[in-house]
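Colleague: quick one, structure for this:
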Amino acid sequence: MNSEYISKGQSELERLQARKRRVYLIALVCGVFIFLLSWAVRDPGDVFIEIMYPIYALVLAAFFPLVWRGHLPLRQIEIPMLAIVGAMLFSRLAWHFHFAGPIDERLLVLAGGHYWAISGLAVAAFAIFDRKRGLITGGVIIGLSLILAATGIVSESMGGDGVSLETLVYLLRIHVFLALLLVLTYAVTTMRDELHSALVRAEVMGQWANTDMLTGLANRRAAEQFLNQQAALASRYGRAFSVISADVDNFKPINDTYGHAKGDEVLAGIARVLAESVRESDFAARWGGDEFLLVAPDTSTASARQLMKRCREAIEQAPICGIQIRMTFGAAEFRTGDSLDDVLSRADVQLYGGKRINESGEG
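Modeller: This next block holds a predicted model:
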């Protein structure tokens, strides 16, 4: 059961990584396009865009094969990528606030061309880090933006030009919005994580409620649910199914001779062999003690006997935990008008008949 959870978790992680790579590839293509488009329609006097934007586009393009090929773990790529994109955006903000002229004249460019990118960068931190580190990183990003704005305002005021009250209020509103976006993103991420945790706990509890903890097979409760489903299908659509009872021969002497811990290991080993021997559509469960139950949908008695033979031969093929094991099986097909007790009783009759033959030495 543990290996099943590990495998499922690994598959989920791989799917998440694949989705993140696709998102990053789309973001890189959009970033390169935006930088080149801004360079193509730049103002003739904008030296920063003329020199730096082609370089930025090349840097982003260089990340594309790294993300696409997947030769490096995504974590080794996404953190440097976040830092470099951040450096690009903040260098442009620094240019606007300190070198590009009066802030009042640059306000529209700042609001329309750059602060949306700062907000995107802050939200992207939650895709890279957990929600706590995402909140810290997003706070640092917004804090740096606020520092650049404040130092630019102070520098311009000290130069004698000053910044209008309207511009101050506008910049303040932008940063309040950024802070609110950060808080909302944190709240949504928290609710998402808590919902995911609740679903995982519910799934695990469901697995525990329906799984025999010793063998990893379905338990009796799950087997009864599956039997009821098959009985309903058989009654409604006339679909055949067979039930196979299985019991370990002379299991008590194993416990008496080797101890109960060894007996538990033997049961777990038998469960593994049975699980590997049945078809994908079949259902294997531990019925109780050293008894097992196999349910074979769309299977007649003749086919069920073939399945019994395959399982018996697999059990006897090699010692389990160093002990040669034999099992007795009994099969019965569900008939129209049967109750589950009827078909289980017929399977048990076949099983006990087989045990009498084995004990008499005739088998």
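Colleague: contacting residues around Met308?
Modeller: Residues in contact with Met308 (Cβ atoms under 8 Å, 6 or more residues apart in numbering) are Ile244, Phe329, Ala331. All C-beta atoms are positioned from the backbone trio N, CA, C, and that covers glycine.
Colleague: residues near Met52, how many?
Modeller: The number of residues packed near Met52 is 17, by other Cβ atoms under 10 Å.
Colleague: and the helix or strand it falls within, what does it pack against?
Modeller: Using DSSP states H and E, Met52 sits in helix 47-69. Counting contacts by 3 or more Cβ pairs under 8 Å, 6 or more residues apart in numbering; DSSP states H and E, helix 47-69 packs against helix 2-40, helix 74-98.
Colleague: in three-state terms, label Gly134 for me.
Modeller: Secondary structure for Gly134, judged by DSSP: H, G, I helix; E, B strand; the rest coil, is helix.
Colleague: what do you get for Ala285?
Modeller: When classified by three-state DSSP, Ala285 comes out as strand.
Colleague: what pairs with it across the strands?
Modeller: Ala218, Leu293 (DSSP bridges).
Colleague: and it, what pLDDT?
Modeller: pLDDT recorded at Ala285 is 95.
Colleague: do Val85 as well
Modeller: Per-residue pLDDT puts Val85 at 94.
Colleague: so the residue nearest to it when sequence neighbours are not counted is in which element?
Modeller: Closest residue in space to Val85, ignoring its immediate chain neighbours: Leu121 at 6.5 Å, by Cβ to Cβ, 6 or more residues apart in numbering. Taking DSSP H and E as the definition, Leu121 sits inside helix 115-128.
Colleague: contacts for that helix, please.
Modeller: Applying Cβ under 8 Å, 6+ apart, the contact partners of helix 115-128 are 20, 23, 78-79, 82, 85-86, 89, 93, 133-135, 137-138, 141-142, 145, 174, 177-178, 181-182, 185-186, 189.
Colleague: narrow those residues to just the buried residues.
Modeller: Neighbour-count burial (16 or more other Cβ atoms under 10 Å) is assigned, among the contacts of helix 115-128, to 78, 82, 85-86, 89, 93, 134-135, 137-138, 141-142, 145, 174, 178, 181-182, 185-186, 189.
Colleague: pull up the gap between the residue nearest to Val85 and Ile55, please.
Modeller: To Ile55, Leu121 is 19 Å away according to Cβ to Cβ, to the nearest Å.
Colleague: on that earlier part again, how far off centre is the helix holding Leu121?
Modeller: Mean-position distance between helix 115-128 and its chain equals 23 Å (Cα atoms, centre = their mean, to the nearest Å).
Colleague: orientation of that helix relative to helix 74-98 in degrees?
Modeller: 160 degrees (axes from the mean of the first three to the mean of the last three Cα atoms, to 10 degrees).
Colleague: quick one: average pLDDT of helix 115-128?
Modeller: The average pLDDT for helix 115-128 rounds to 92.
Colleague: check stretch 244-257 too.
Modeller: Taken as a whole, stretch 244-257 carries a mean pLDDT of 92.
Colleague: now do the same contact list for Arg221.
Modeller: Shown in contact with Arg221 (Cβ under 8 Å, 6+ apart): Ala209, Asn210.
Colleague: next, the buried residues of the helix holding Leu121.
Modeller: Per 16+ other Cβ under 10 Å, helix 115-128 contains these buried residues: Tyr115, Ala117, Ile118, Ser119, Leu121, Ala122, Val123, Ala124, Ala125, Phe126, Ile128.
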